[in-house]
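Chemist: Coordinates for the following, if possible.
(2 chains)
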Amino acid sequence: DGGITQSPKYLFRKEGQNVTLSCEQNLNHDAMYWYRQDPGQGLRLIYYSQIVNDFQKGDIAEGYSVSREKKESFPLTVTSAQKNPTAFYLCASSNSVVTPLHFGNGTRLTVT
Amino acid sequence: AQSVTQLDSHVSVSEGTPVLLRCNYSSSYSPSLFWYVQHPNKGLQLLLKYTSAATLVKGINGFEAEFKKSETSFHLTKPSAHMSDAAEYFCVVTNSNSGYALNFGKGTSLLVTP
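Modeler: Next up is the predicted model:
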């Protein structure tokens, strides 16, 4: 079955370290997204990519970086510049603008 | 510009009673609207979508929603709640002029009691 795989499910890091979250999809979708979820705040868009080798900042891109070297992969790096990185991170993909997003099962990042 | 407001942060119902989760939207263009469900520590799953076809949209697990342009609403309903419906529900709005921007509501937590 097609889907989105996020790994790892739980991730723990020390403050000051960069960390990379993996997102892979086999849905052949052009667009991929990273969202951050905090309790009571819904989902906020970090970055999105419509095609390979191209990506745009979302609403809360500061302290994050991404790459899109392959259609299937859209890794997110949480840098030490991110002031409050502890959160649940969700990766998603879609085929066009108004088709629904398909979500991975998320990575819960804890930074201490 | 577009936005969505989920009117209740928490809703509690008894098993077997109706569910109503309220969502109001604003959009400068004809909107596309979605409802997603999220179980604890999981990703979001699409329940149903409205994209300018029939105003009454049927989704999975017995849920449905009605698009009411005059009221700018897209409320989610289910005739009879099941224990497994307990989850977080998100209303989402987008439109063809917003590029890839989707606006999520802050979510409604549904509690189902026996």
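
Chemist: The residue in chain B positioned nearest to chain A: neighbour count?
Modeler: Chain A sits closest to B:Gly43 of chain B, with a gap of 3.4 Å, by C-beta to the nearest C-beta. The way it works is simple: take the backbone N, C-alpha and C, and place the C-beta from them, glycine included. Using other C-beta atoms under 10 Å in any protein chain shown, B:Gly43 is surrounded by 22 other residues.

Chemist: what do you get for A:Gly40?
Modeler: For A:Gly40, the neighbour count with other C-beta under 10 Å is 9.

Chemist: three-state assignment of the closest residue to it other than its chain neighbours?
Modeler: Leaving aside its sequence neighbours, A:Gly40 sits nearest to B:Lys106 (C-beta to C-beta, 6 or more residues apart in numbering or on different chains; 6.3 Å). Under DSSP: H, G, I helix; E, B strand; the rest coil, the three-state class of B:Lys106 is coil.

Chemist: ok, which residues in chain A are in contact with chain B?
Modeler: For chain A, the contact set with chain B under C-beta under 8 Å from any C-beta of the partner chain comprises A:4, A:6, A:9, A:31, A:33, A:40-45, A:48, A:50, A:56, A:88, A:90, A:92, A:94, A:97-98, A:100-106, A:108.

Chemist: Check what pLDDT the closest residue to chain B within chain A gets.
Modeler: Residue nearest to chain B within chain A (C-beta to the nearest C-beta): A:Phe103, separated by 3.4 Å. A:Phe103 is assigned 92 on the pLDDT scale.

Chemist: Provide the backbone phi and psi angles at the residue of chain B closest to chain A.
Modeler: Dihedral pair for B:Gly43: phi -80, psi -180, per degrees, to the nearest 10.

Chemist: isn't it right up against A:Gly104?
Modeler: Yes - B:Gly43 lies in contact with A:Gly104 (C-beta atoms under 8 Å); the separation is 5.2 Å.

Chemist: Which residues are in contact with each of these two?
Modeler: A:Ile4, A:Gln6, A:Leu90, A:Ala92 (C-beta atoms under 8 Å, 6 or more residues apart in numbering or on different chains).

Chemist: export these to JSON lines and tack on pLDDT, neighbour count and secondary structure?
Modeler: Compiled in JSON lines, the shared contacts of B:Gly43 and A:Gly104 are given as follows (pLDDT from 0 to 100; neighbours: other C-beta atoms under 10 Å in any protein chain shown; DSSP: H, G, I helix; E, B strand; the rest coil):
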{"residue": "A:Ile4", "pLDDT": "95", "neighbour count": "23", "secondary structure": "strand"}
{"residue": "A:Gln6", "pLDDT": "96", "neighbour count": "22", "secondary structure": "strand"}
{"residue": "A:Leu90", "pLDDT": "94", "neighbour count": "26", "secondary structure": "strand"}
{"residue": "A:Ala92", "pLDDT": "92", "neighbour count": "26", "secondary structure": "strand"}
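
Chemist: For the spatially closest residue to B:Leu102 that is not a sequence neighbour, name its beta-bridge partners.
Modeler: Leaving aside its sequence neighbours, B:Leu102 sits nearest to B:Thr94 (C-beta to C-beta, 6+ apart; 4.5 Å). Beta-bridge partners recorded for B:Thr94 (DSSP bridges): B:Ser32.

Chemist: Need the pLDDT of B:Thr94.
Modeler: Reading off the model, B:Thr94 has pLDDT 83.
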